[in-house]
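Trainee: Sequence below, structure please.
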Amino acid sequence: MDNTIDTSVPAVRGLLAGKVAFITGAGRGIGAAAARLFSREGARVLLAARTEDQLKAVAEEVRAAGGTADYAVCDLADAASVRAAVARAVDLYGRLDVAFNNGATTVPPGPMDQVTEADFDRLYAVNLKGSWAAMAAEVAAIRATAGTGAIVNTSSVGSLRGNPALPAYGAMKRALNSLTESAAVTYGPEGIRVNAITPGTTLTDMMHAWSERSPGIIDQLNAHTPLRRAADPEEIAQATVWLLSDRASYVTGTVLPVDGGMQAA
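Mentor: Numbering: from 1, shown residues only. Take a look at the predicted model:
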């Protein structure tokens, strides 16, 4: 019997094989789906979010599947907390290669004049300033360890046009698109790529909460989506893992719709 191994075809490796990944908003939804997927694709992952029991559950799930995961409780509204979470990834794994800034908050839907100042300030602190703090810390960590790498920010399809239902949320996400493009231009010469995704209707806790306040909203959004359905969180994570991988080595400064065609409609 011939037991010779055929080496003519390279062994299949995960998209993030050998990389260390940092993920915010990793306790549920898109972030949790990304944690599972990134691990399956070969990354060691550091999960960050505010709710420890959710983080612990996702980390244990990743480990049970054979992956390497740990977590850091992190409040995106606290820049020191963000920096400490990124530093923990480096302390645990010795480097940082890629980061997915997915954490965000939202407020009840309604017209702009009904958004309270407190809600506006909270959206700014978490969705924009928190992402800025995370990117700054991640760039420094990548530069000091891996040398080159990639970052993806979660924006929203609602950032690409007028957003009367979620005007302040859309405004923060549109500003995040600008930060993404500026970072791509700034750090591209160092080999650090920065992109964003704009998910459409996605079946997360945030979407279900909106549906409870506005019954029928998912069906309404699906009716304006060419694929006529909402996304599973893993479908969004799949686009993210490609952008973070070396397969997307010439992609930077992109704000990529992952929306079932909603923006094109």
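Trainee: Can you get me the start-to-end distance on stretch 73-80?
Mentor: 12 Å (C-alpha to C-alpha, to the nearest Å).
Trainee: Tell me which stretches of the protein form strands.
Mentor: Ranges of strands in the chain, per DSSP state E, are 20-24, 44-49, 68-73, 98-101, 149-154, 192-199, 255-258.
Trainee: How many neighbouring residues does Asp205 have?
Mentor: 11 (other C-beta atoms under 10 Å). (Each C-beta comes from the backbone N, C-alpha and C, glycine too.)
Trainee: One more: Ala136?
Mentor: With other C-beta under 10 Å as criterion, Ala136 counts 15.
Trainee: What of Gly110?
Mentor: Gly110 - counted by other C-beta under 10 Å - has 17 other residues nearby.
Trainee: Over to Val62?
Mentor: Residues lying near Val62 (other C-beta under 10 Å) number 25.
Trainee: quick one: contacts for it?
Mentor: Neighbouring residues of Val62 by C-beta atoms under 8 Å, 6 or more residues apart in numbering: Ala35, Arg36, Ser39, Val45, Thr68, Ala69.
Trainee: next one: Leu203
Mentor: Ile218, Ala230, Ala231, Asp232, Pro233.
Trainee: The residues you listed, buried ones only, as a ChimeraX selection?
Mentor: Listed next is the ChimeraX selection for buried residues among the contacts of Leu203, using 16 or more other C-beta atoms under 10 Å:
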select :218,230,231,233
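Trainee: can you tell me which residues contact Leu16?
Mentor: Phe38, Glu41, Gly42, Ala43, Asp97, Val98, Val241, Leu244, Ser245.
Trainee: how many other residues sit next to the closest residue to the fifth one other than its chain neighbours?
Mentor: The shortest distance from Asp97 to any non-neighbouring residue, by C-beta to C-beta, 6 or more residues apart in numbering, is to Lys19 (3.9 Å). Other residues within reach of Lys19 by the criterion other C-beta under 10 Å amount to 24.
Trainee: how about Lys19, phi and psi?
Mentor: When read as degrees, to the nearest 10, the backbone of Lys19 gives phi -100, psi 160.
Trainee: thought it was touching Phe100?
Mentor: No - counting by C-beta atoms under 8 Å, Lys19 stays clear of Phe100, with 11.7 Å between them.
Trainee: which neighbours do these two share?
Mentor: Joint contacts of Lys19 and Phe100 (C-beta under 8 Å, 6+ apart) are Leu244.
Trainee: picking up where we left off before, output the strands of the chain in CSV, with mean neighbour count and distance to Ser211 appended to each entry.
Mentor: Below are the strands of the chain laid out as CSV (neighbours: other C-beta atoms under 10 Å; distance: least, C-beta to C-beta, whole Å):
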stretch, mean neighbour count, distance to Ser211
strand 20-24, 30, 24
strand 44-49, 28, 22
strand 68-73, 21, 28
strand 98-101, 29, 25
strand 149-154, 27, 20
strand 192-199, 25, 16
strand 255-258, 20, 20
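Trainee: Out of those strands, the one nearest Gly110 is which?
Mentor: strand 192-199 (21.3 Å; C-beta to C-beta).
Trainee: which other helices and strands contact the closest one?
Mentor: helix 130-144, strand 149-154, helix 167-187, helix 233-244, strand 255-258 (3 or more C-beta pairs under 8 Å, 6 or more residues apart in numbering; DSSP states H and E).
Trainee: In CSV, could you pull the C-alpha coordinates for stretch 139-157?
Mentor: Extracted in CSV, the C-alpha atoms of stretch 139-157 (Å, rounded to 0.1, in the frame of the first residue of the first chain):
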residue,chain,number,x,y,z
VAL,A,139,-2.7,50.6,15.3
ALA,A,140,-0.1,51.1,18.0
ALA,A,141,-0.3,47.4,19.0
ILE,A,142,0.0,46.1,15.5
ARG,A,143,2.8,48.5,14.7
ALA,A,144,4.7,47.4,17.9
THR,A,145,4.2,43.6,17.4
ALA,A,146,3.1,42.1,14.1
GLY,A,147,4.2,45.2,12.1
THR,A,148,1.5,44.9,9.6
GLY,A,149,-2.2,44.0,9.9
ALA,A,150,-5.8,44.9,9.3
ILE,A,151,-8.8,46.5,11.0
VAL,A,152,-12.4,46.3,10.1
ASN,A,153,-15.1,48.6,11.6
THR,A,154,-18.8,47.8,11.7
SER,A,155,-20.7,50.7,10.2
SER,A,156,-24.3,50.4,9.0
VAL,A,157,-26.3,50.6,5.7
